[in-house]
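>>> Predicted coordinates and the sequence they were generated for:
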Amino acid sequence: MGNEIDLEKFDIEKFARSLEKDCQEGVKWERRKLEWILEEEKKQAEGKSKAA
């Protein structure tokens, strides 16, 4: 394997914090995408009720 880790120099806590930050960013963007979807659905529902 080409991805060997030098265990003497590897900082597991720094790696874990990096993963945590990336996951939090991913969750933030997924939540925002869901908010956008709900906003669009609400706009469409309001448009249909006004048209009726």
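Thanks, I have the structure now. It should be emphasised that the depicted structure is a prediction, and the values quoted were computed from it without experimental measurement. Numbers count the residues shown, from 1 in each chain.
>>> Next, I5: phi, psi?
phi -110, psi 130 (degrees, to the nearest 10).
>>> what about it, neighbour count?
9 (other C-beta atoms under 10 Å). Using the backbone N, CA and C atoms, a C-beta is placed for each residue, glycine as well.
>>> show me where pLDDT drops low in the protein?
Applying pLDDT under 70 to the chain flags residues 1-2, 51-52.
>>> Remind me which helix or strand the most centrally placed residue in the chain belongs to.
For the chain, the residue nearest the mean C-alpha position is G26 (2.0 Å; C-alpha atoms, centre = their mean). For G26, the host element (DSSP states H and E) is helix 12-51.
>>> by contact count, what packs against that helix?
Contact here means 3 or more C-beta pairs under 8 Å, 6 or more residues apart in numbering; DSSP states H and E; on that basis helix 12-51 packs against no helix or strand.
>>> one step back: for the residue nearest to the centre of the chain, list the residues it contacts.
Applying C-beta atoms under 8 Å, 6 or more residues apart in numbering to G26 gives no contacts.
>>> Could you check how far it is from E39?
Noted for G26: a distance of 20 Å to E39, by C-beta to C-beta, to the nearest Å.
>>> Also V27?
V27 is 19 Å from E39, by C-beta to C-beta.
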